[in-house]
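A.B. asks: all I have is the shape, not the residue letters:
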């Protein structure tokens, strides 16, 4: 089963990720939760259930999202290089024919030059066998679409020459031509099955990175780190293992507290989401119960049926209170519930 969040789910997914609050890291706990929902569902759909293999797939899936983040930044560099090729040809023709020389404004875009020289991005590109040189035709087509656009023409005709204007150009170009690009989505899916599902999420991090670039940092501008710290990586492992290894116990809690709910009609994805939520409640003492419930209610809005969010909200509330009252869960409900 594929878990694409495209189009109608995109803005809801941004809410789930709470992008404005995760400014300095790429793989945060919200993204980890999304991946665990996907991989847990897939684990139960797979007849050959091996938790060690599944855990490796989870961590690999997270690493591929970080790979895609760099790869999409590298696409900006690839388009800029394509622009240089066209500029060189046009310049040679102008000299040969004695005509007006082409403008160098786009090829001298200060943000693009800084990104191309970025040490972290250069290290990534040099370590990969897969580069945009493998997809020259796509890069050429993308460049052609850009130079015919109103965004590009307005930039070229503007008298403003500044780093901020150059960076803002690429923010607009990325949003217009790289986000929601079906041809690019298909190309990325051919390269990795993970990337089609990840792209909408990773796009937000690329835009955030563009916004964070500062001319004063030169080639040492920091890109987003993969994880905030080892604790977040351990969070992924522990949550996934707890979800799978304690499945019978957690599903018993669901059935035990579902007398006022039609548990038999529950979508299987709802069971998976609640199972993970219970695992988080019982495994991580420092995460408030209300935070956990709210996170998985939001995920239900993206990944399950229209009625699932309300059902899961009520069920998790009931389960949490039952676990607290029976001494199984040793932390309070918390406030500010949805």
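C.D. replies: Everything's here; your move. Because the structure is a prediction, the values reported are computed rather than measured.

A.B. asks: burial count for the closest residue to residue 251 other than its chain neighbours?
C.D. replies: Residue nearest to residue 251 in three dimensions, not counting chain neighbours: residue 275, with 6.5 Å by CB to CB, 6 or more residues apart in numbering. (Each C-beta comes from the backbone N, C-alpha and C, glycine too.) When neighbours are counted by other CB atoms under 10 Å, residue 275 registers 24.

A.B. asks: and residue 156, by the same measure?
C.D. replies: Neighbour tally, residue 156, other CB under 10 Å: 12.

A.B. asks: tell me how far the residue nearest to residue 251 lies from residue 65.
C.D. replies: According to CB to CB, to the nearest Å, residue 275 stands 23 Å off from residue 65.

A.B. asks: next one: the residue nearest to residue 251 from residue 308, what distance?
C.D. replies: Residue 275 is 14 Å from residue 308, by CB to CB.

A.B. asks: any buried residues in the host helix or strand of the residue nearest to residue 251, and which?
C.D. replies: For residue 275, the host element (DSSP states H and E) is helix 268-283. Within helix 268-283, the residues scored as buried using 16 or more other CB atoms under 10 Å are 269-282.

A.B. asks: mean confidence score for that helix?
C.D. replies: For helix 268-283, mean pLDDT rounds to 96.

A.B. asks: would you say residue 39 is within a helix?
C.D. replies: Yes. Inclusion of residue 39 in a helix is indicated when DSSP: H, G, I helix; E, B strand; the rest coil is applied.

A.B. asks: quick one: buried residues of the strand or helix carrying residue 199?
C.D. replies: Following DSSP H and E, one finds residue 199 within helix 193-212. Neighbour-count burial for helix 193-212, counted by 16+ other CB under 10 Å, picks out 194-210.

A.B. asks: do the same with stretch 99-119
C.D. replies: For stretch 99-119, by 16+ other CB under 10 Å, it's 102, 106, 107, 109, 110, 111, 112, 114, 115, 116, 118.

A.B. asks: taking the residues you listed, tell me the two that lie furthest apart.
C.D. replies: Using CB to CB, the buried residues of stretch 99-119 reach their maximum pairwise distance at 102 and 118, which is 26.4 Å.

A.B. asks: returning to that earlier point: need the buried residues of stretch 99-119 in CSV (columns: pLDDT, secondary structure and distance to residue 35).
C.D. replies: CSV is the format used below for the buried residues of stretch 99-119 (pLDDT from 0 to 100; DSSP: H, G, I helix; E, B strand; the rest coil; distance: CB to CB, whole Å):
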residue, pLDDT, secondary structure, distance to residue 35
102, 96, coil, 46
106, 98, coil, 38
107, 98, coil, 39
109, 98, coil, 35
110, 98, helix, 36
111, 98, helix, 31
112, 98, helix, 31
114, 98, helix, 31
115, 98, helix, 27
116, 98, helix, 31
118, 98, coil, 27
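
A.B. asks: which member of those is positioned nearest residue 90?
C.D. replies: If you rank the buried residues of stretch 99-119 by distance to residue 90 using CB to CB, residue 102 comes first, at 4.2 Å.
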